[in-house]
Each structure stands twice: as C-alpha cells, then as structure tokens.
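1. no sequence for this one, just the structure:
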C-alpha cells in the first residue's frame, strides 16, 4: 500500500481510519508482488479487508477459491462500476472461480421491476463485462429468479435462503438494512444465500469466498458472517471481504447511476466525455493567479482522482501530475484535458469491443437459461 | 347437508354459524349425488367453503383441477389425520390432481428439525396414506426443501415464494399468524407458494385449486387469496377452500399429536385401543340409573363422534345408536364397545396394509428425490 494514497486522506466525508477501528476491518498488509499489477491494490484504493489471509493462501497454494459479487440490474454500466469489475477481472486472473448474482429478485421486490426488464438490463451490463476482458464462460453468472439448469443446485440455493431465515432476528435485519419490508427481507436472505451457497456441496464445496465491496456494504457482510456461525449443519468457512474507496461523482458528490451528469457512461460520445469532464468538480483555485500561487488540491480534484483510479497506469507520471498540480504549475484544465483524452481513447476502443461482445453475451445468456 | 349433524350444534366451543357469517365462508349447498358416498360430506363434517362452485364445475365437466394440502412432518399419523386424508382420497377419485407439500422447511424454521428427520417422519406418514388407499404415484408429493427434479419447476416454485413477499406487509402477517419470526415468515411465504404454484405454467397452468382445511386455517387462506389479486403478472384463479369440523380428542379436549392419550395412533394395539376408548370422554350420566332416566348426549360423546366421523358408515345404524343413546336406552359403555370393535378390526387391517406399503413408499420416495 502506497502511503500517499492513504484512503482517509482522500475522502473528506468518510473517516476510514475510524471505520476500520470501529468495525474491526483490517488494513491491507503488504501484498505479494502480483498484486502490484493492479493499480487498485497498488494505490490503496482497496484499503481494508476481513479474513483476507485465507484468500492470499489460496492464491499462493493454487487452491480453489471463489470471488462472489452481485449485479444490480438497474441503470447502465458506467465508469464507477469499473472499480468493482477491474477487481473481478483481476481475481479471475488470480484463479478465482467468479460467481455473479443478477439481483432480479431484489429489483422486483424493491422496485417492482419485471424479470424480463432485469434480463434486458443485465445483458447490457454483460456487454461491458465482456468488453473489459472478463471471460464470461469461466464465470458462474446467474439470475436470482432462476438458479441454474440443475434442480439439485436450484433446490440447494433456495433451501439455504429459507434456512438462513431460521437463524436471524428482525432486529438484526433492521440493524443492517434499516426499516425492512417482507420483500426486502427476502431479498436480503437471498443475498445471504448468494454469498454462502458457493460453498454448498452442490456447488464448489467448502472453500474460501471473497466478496469485494464498498465500506457501506460492511453491515451485510458482518450479518452474513454472524449467521454463518449459527448454521451448524454446514461447514461454511466465514466469507472474506475487501473494501474499496468510493469513487467521487463528476460533480464532487456521490456518483449515481440515475444521474447521468454524475458519471461517464460507457456509451458516452467523445463530445459528451469532453463536456462532462470539462465541467467536473476540481481542486483548483478561483483564478489562474491564485492557482499559480496556492496550487491545486488533487485529493478532491475529480479529474485527478479518475486518473488515479483507472486512467493513468504509470505511477511515475501520476506522481508528476500530482506534484505539478499541487504546486500550481499544472492547471485544473490541463489535468482535465489529460483525462478527457485518455477517456476518449479508452471508450472508443471499449465501444468497439462492446459491439463485438453481443454474440458472446447472447450465446452465454442462452446457455444460462437452457 | 344433513341438518341433524349441523356443525354448530355439535361443538360447543366453536360458534361455526358466527364464523361463517363473520368471515364470508359459505355453507355447503346441496351437493351432487357422488358426494353422498363420502360420509364427511354426507354428514356435514365438511360444513363450509369458499369458491367451491368452480370445483364442482370442474368435477362435472371433467376439467383439470388440483387438490392441495400439506404434510407437517412431526409426530405420527393418527386417526385425527384421517379426517383430511379421507377427503384427499375422495378428491383423487373425483379426478383431482393431488399436490402434497411436506413442510420440512417449516419444521426446520419453527423447531429446528433436520431435513433427514423430516424425511423419516414423512415416510411414516406415507405408509398410512398408501394403506388408506391413496395412489401415491398419481400424486405430486414433494419436500419444501427440494422441489422436484426439474430445475425449471424448482426455480418457478421458489421464485414465486420470493415474489409473494413483495406483495404483503408485516402487519398482514401478524394478523394471520400472530407474532412472526423471519423463519416463520419464510415458512408462511413458502406455504403461499405451495398453494399457488400448481397454477404456474411449469406445473398445471391456470386451473381451480381446492384446499381442504380446518376453520383455524382460514386466516392463511384469506391472506393468500388477498395476495393473489396483487400478483398481477400471473393469472391465478383464487384458491377454493372447504372447512371441516374439528374432531374431538379422546379426553374431550383438543386432539394432539404430541399427547398419545388424546388420539388413537395407527399403530396402536387392540389392547391400547380398548384402554384408550374405554377411558374416553363420554356424554353419559354419572350413574346407570341417571342415564336411563336422562339419556346421554351424543353431541359431546367422543365414541359416538368417532362413529359418526368414520367408523359407522351406515346412516341408518348411526341414527339408531344416536337415538338409543340420547334416550338412555344405550349406555356409554355400549357405544364405546361398538367403537372399540370397529377400530380394532379397522386398525388390524390397516396395520397389515401398512407393512405392505413399505416397498411402494420407498420406491416412490426414491423417485421423488432422483
């Protein structure tokens, strides 16, 4: 972990150090060399974990392990989602079996969205997954509403959802999820089965499972870890988790799928990219004179942050930009221009790959269903 | 419906007339001739219904319909269970497709009973089902924890459970089930799917479904009927139901599976039968003299009630016993003796059939699982 990207210095609103201390999340230790290949690990964007040691052991000893995540079929894939997807792709390279649950039951119960609509949106996400380099055919991607084509697996997955209910109280749900409805409770229990079922004998059997999440998801992780100990008829290994920083939205606030101005969509045109980044929240001063004198603040500058999260892979160059920006030598507009060019090149290429992905994705989805 | 067996005259504690009035349950109308074959219909033990008309139409027009019920895998089958099972067998003869859900998820969540234990107990029940004349191989009997061997069916069944949760509130649950835990809520939702899933396209498709229950189960029926209207993506026909009287326990109170003295078990010996019925609650007077003078009360006499529910199929003979007992001509001991002999003969035969049933049941259970 590179100290100057220490997470709690970057985001003003969240006291990551306190979160780590209060909830027993561990900071990332020195990672094996191979983790240096992924900037999200190298730069401390993935900043904390629970029980990560057994994942490192599995990688080292080439033992079976699972990386599990969810796909919420609402909105469209945008660059904020890349934060998770780059980790998924990295873990696939590290030898993890990738499990992805399309949360169509949650979308149905939380917002009345039909399964047909969820399938359409999920397809769109998968185009981006494939284009970014995830090998779908090596993944276990499934819809919560239809778990696979094997009845033994299907039964085992939903049976576990039902069993978990017997080991949790309403108050625990409220603690983790706030006020719940029956619909949300079922979705939460199914999420519990999503996280634990890879270890059932009908799937991978007992093995370490890693779930990479944002810190806001930790209550769900903790609740699932608590319940795990109570379901004694299974020999579940408690789930491991990693925690990543939030990526700021273009306007400096939260990045939101439903607010197109807060994010860059994977289908944005070069002109849209230029316009959106051009008006993004910056860490610069009011006037050029002041900026030259006082310097900019890369820690809150959205353009710099995006370079750091994804778009400037060269640490040396990134450090130079940071230093020049902080000293006032480099202007906000110059950092933005740098990002605009990189994003334009990246997305032009991505959009081409995305079109080519259709055939792969449709074939994959057909297989999942039949 | 024969008036002298009018239910609200029979059971002192329950005001069936009021129940019918308050909850919109309809009394049974004049039934087609074929229903006279089953004493439970002929004698008004099945006394009320909801939407029974469409079941009669299906019978008359030989259209597809389903009769659905549950098997709670606790205790052992006893003569109280025959009340429901005789109806099931009757409906099978009437052309209904029989669905039976073994509520092993409910047993797990309500009392922590393992699925293995539930399976063992269910097997025991099925021995009695087969011995009594139910054709298991024409039934759709399944365990809630493993819905069949076809993934499309399995997915559809559990998907429906999850969807139902999106159309109900916690308060509605409390109204129907009293205080609920997450485990009980999941069991209730699965019961909802039990009642509705026969109509899914993966099963029978839209068709009338009859659920015969005791009056105490009506809140569940009503809740399911309410939810049905809200799940608009399916074209469910609201479930129909019939209501039967409670059969009194041997001691005059409630018959309980966990209290061996309150019921006659299907495995009871001739001596046990004699002893249990001999000390059963009677409607006779304190002394023979008083009995001769005042007469007995067949409406509360357990032995007479058992003759009426099952063991004296001949209406003429039953009426004679009733009249003689009411007048004081017949003593309680004589009614009991009559019942003891009939039950001994019946159970000796049943126990023989039960032993022979093992092969059928084990073959059936193997098929259900594989």
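-> Arrived safely, thanks for sending. Not measured: the values here are computed from a predicted model. Numbering: from 1, shown residues only, chains lettered A, B, ... in the order given.
2. backbone phi and psi for the residue of chain A most remote from its centre, please?
-> Ranking residues of chain A by C-alpha distance from their mean position (Cα atoms, centre = their mean) puts residue A:289 at the top, at 39.5 Å. Main-chain dihedrals, residue A:289, degrees, to the nearest 10: phi -60, psi -50.
3. how far away is it from chain B?
-> Between residue A:289 and chain B the distance is 59 Å, computed by Cβ to the nearest Cβ, to the nearest Å. For the C-beta atoms, the positions are set from N, CA and C on the backbone; glycine is no exception.
4. Next one: that residue from residue B:314, what distance?
-> 111 Å (Cβ to Cβ, to the nearest Å).
5. same check, this time on residue A:170
-> In this view, residue A:170 and residue B:314 are 55 Å apart by Cβ to Cβ.
6. how about the residues of chain A that lie near chain B?
-> By Cβ under 8 Å from any Cβ of the partner chain, the residues of chain A that approach chain B are A:105, A:108-109, A:112, A:114, A:144-155, A:158-159, A:161-163, A:165-170, A:173, A:181-183, A:185-187, A:189-190, A:233.
7. Give me the buried stretch members for whatever helix or strand residue A:321 lives in, please.
-> For residue A:321, the element it lies in under DSSP states H and E is helix A:315-327. By 16 or more other Cβ atoms under 10 Å in any protein chain shown, the buried positions in helix A:315-327 come out as A:318, A:321-322, A:324-326.
8. of all these, which comes closest to chain B?
-> Using Cβ to the nearest Cβ, residue A:318 comes nearest to chain B of those, at 45.7 Å.
9. related to what we said a few turns ago, comparing residue A:170 and residue B:314, which residue is more hemmed in?
-> The neighbour comparison of residue A:170 against residue B:314 (other Cβ atoms under 10 Å in any protein chain shown) goes to residue A:170, with 14 against 10.
10. That one and residue B:179 touch, don't they?
-> No. Between residue A:170 and residue B:179 there is no contact under Cβ atoms under 8 Å: 10.1 Å.
11. Give me the phi and psi for residue A:254.
-> Dihedral angles (degrees, to the nearest 10) for residue A:254: phi -80, psi 140.
12. Which residue, other than its chain neighbours, is closest to it?
-> residue A:262 (7.0 Å; Cβ to Cβ, 6 or more residues apart in numbering or on different chains).
13. for residue A:230, same thing?
-> residue A:167 (4.1 Å).
14. got the domain boundaries for chain A?
-> Annotated domains of chain A cover A:3-246, A:260-352 [automatic domain parsing].
15. and the end-to-end length of the shortest one?
-> This means domain A:260-352. One end of domain A:260-352 sits 21 Å from the other (Cα to Cα, to the nearest Å).
16. tell me the mean pLDDT for stretch A:277-293?
-> Across stretch A:277-293, the average pLDDT comes to 95.
17. burial count for residue A:348?
-> Other residues lying near residue A:348 total 12 when counted by other Cβ under 10 Å.
18. which stretch of helix or strand covers it?
-> Element membership for residue A:348, per DSSP H and E: helix A:332-369.
19. returning to what we had before: for residue B:39, find the nearest of the domains of chain A.
-> Of all these, domain A:3-246 sits nearest to residue B:39, with 38.6 Å by Cβ to Cβ.
20. what about the closest one, distance to the chain center?
-> 9 Å (Cα atoms, centre = their mean, to the nearest Å).
21. in chain A, which residue is closest to the centre?
-> Taking Cα atoms, centre = their mean, the centroid of chain A lies closest to residue A:84, which sits 2.5 Å from it.
22. got a list of what that residue touches?
-> By Cβ atoms under 8 Å, 6 or more residues apart in numbering or on different chains, the contact set of residue A:84 is A:69, A:212, A:244.
23. can you give me phi and psi for residue A:202?
-> When quoted as degrees, to the nearest 10, the phi and psi of residue A:202 stand at phi -70, psi -10.
24. what does residue A:97 give?
-> In terms of degrees, to the nearest 10, the main-chain angles of residue A:97 are phi -80, psi 120.
25. And residue A:240, by the same measure?
-> The phi/psi pair for residue A:240 (degrees, to the nearest 10) reads phi -100, psi 160.
26. With adjacent residues omitted, what lies nearest to it?
-> Among residues not flanking residue A:240 along the chain, residue A:51 sits closest, at 4.2 Å (Cβ to Cβ, 6+ apart).
27. Report the rounded mean pLDDT for stretch A:61-68.
-> Mean per-residue pLDDT for stretch A:61-68: 98.
28. So which residues of the stretch 101-250 of chain A form strands?
-> With strands called from DSSP state E, counting those that start in this stretch, the stretch 101-250 of chain A shows them at A:140-143, A:209-214, A:240-244.
29. Would you tell me which one of the ones you listed is buried the most?
-> Ranked by mean neighbour count, those are led by strand A:240-244 with a mean of 24 (mean count of other Cβ atoms under 10 Å in any protein chain shown).
30. Contacts for that one, please.
-> The contact list for strand A:240-244 (Cβ under 8 Å, 6+ apart) reads A:25, A:28, A:40, A:45-52, A:54-55, A:83-84, A:87, A:208-215, A:218, A:221.
31. Would you mind identifying the next helix or strand past that strand?
-> Using DSSP H and E, the helix or strand that follows strand A:240-244 in sequence is helix A:270-278.
32. I'd guess residue A:48 is in a strand, am I close?
-> Yes. With DSSP: H, G, I helix; E, B strand; the rest coil as the criterion, residue A:48 is part of a strand.
33. count of neighbours near residue A:278?
-> Other residues within reach of residue A:278, judged by other Cβ under 10 Å, total 14.
34. any idea how far residue A:339 is from it?
-> Relative to residue A:339, residue A:278 is positioned 10 Å away (Cβ to Cβ).
35. same thing with residue A:113?
-> Applying Cβ to Cβ, the value for residue A:113 to residue A:339 is 34 Å.
36. between those two, who's got more neighbours?
-> Neighbour count, other Cβ under 10 Å: between residue A:113 and residue A:339, residue A:339 has more, with 26 against 16.
37. name the element the closest residue to that one other than its chain neighbours belongs to?
-> Spatial nearest neighbour of residue A:339, excluding adjacent residues (Cβ to Cβ, 6+ apart): residue A:303 at 4.5 Å. In this structure, residue A:303 sits in helix A:302-306 according to DSSP H and E.
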